[in-house]
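Participant: pasting the structure only:
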């Protein structure tokens, strides 16, 4: 449970145009088929597509953009640690206590090469939570695991973490 106000807060969402082109392609294609059938009053191919099938396809293909719209990474630094939550996959915050952090570094990385893309990813260097870009804060934990938190302002995030991490020592 969060007990104090954030010292740093960042909310990232998937807002890149190319992601949205891909996500909206299926609903747009299905809408085009629906309008073609309405205007021509005949099926667009030799296979008859029922209205129920079109409606079901439109609803299912629209779920992807809606899901994508609400997906994102929330990062907060509070006096007791770092809070991360990747919506909608995490209902509760993941808390990284400052006492468990061994190393902190602002990094430039390759999301595709090092972690296989964006989202909650696993790579050779550990676990990554990222939404966009190639900047983040790399944390080496005392238990031996590594976490990368993607950030649009990684230097500021790193500074706040380093400042409060040093107070815990």
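Facilitator: Received the coordinates, thanks. Everything numeric here is computed off the predicted structure, so don't read it as measured data.

Participant: Just the element for residue 144, please.
Facilitator: Here residue 144 is covered by no helix or strand, with elements defined by DSSP states H and E.

Participant: so how far is the biggest helix by length in the chain off the chain centroid?
Facilitator: Secondary structure assigned by DSSP state H gives helix 17-40 as the longest helix of the chain. Relative to its parent chain, helix 17-40 has a centroid offset of 25 Å by CA atoms, centre = their mean, to the nearest Å.

Participant: Over to stretch 154-162?
Facilitator: Between the centre of stretch 154-162 and the centre of its chain there are 20 Å (CA atoms, centre = their mean).

Participant: How about residues contacting it?
Facilitator: Here stretch 154-162 makes contact (CB atoms under 8 Å, 6 or more residues apart in numbering) with 7-8, 10, 75, 77, 82, 98, 101, 104-107, 135-137, 139, 149, 151. Bear in mind the C-beta positions are built from the backbone N, C-alpha and C, glycine included.

Participant: are any of these buried, and which?
Facilitator: Buried positions within these, assessed by neighbour count (16 or more other CB atoms under 10 Å), are 8, 10, 75, 77, 82, 98, 101, 104, 106, 135-137, 139, 149, 151.

Participant: now for the residues you listed, which pair is the farthest apart?
Facilitator: The two members of the buried ones among the contacts of stretch 154-162 with the most space between them (CB to CB) are 98 and 135, at 21.6 Å.

Participant: Residue 95 is in contact with residue 79, isn't it?
Facilitator: No. Using CB atoms under 8 Å as the test, residue 95 is too far from residue 79 to be in contact (11.9 Å).

Participant: Between these two, which is the more surrounded one?
Facilitator: residue 95 (16 against 13; other CB atoms under 10 Å).

Participant: Over to that one: give its phi and psi.
Facilitator: Dihedral pair for residue 95: phi -110, psi 130, per degrees, to the nearest 10.

Participant: helices and strands of this structure: which one has the lowest mean pLDDT?
Facilitator: helix 17-40 (a mean of 74; mean pLDDT, DSSP states H and E).

Participant: could you point out which element follows it?
Facilitator: helix 51-70.

Participant: Against which helices or strands is that next one packed?
Facilitator: Helices and strands touching helix 51-70, by 3 or more CB pairs under 8 Å, 6 or more residues apart in numbering; DSSP states H and E, are helix 17-40.
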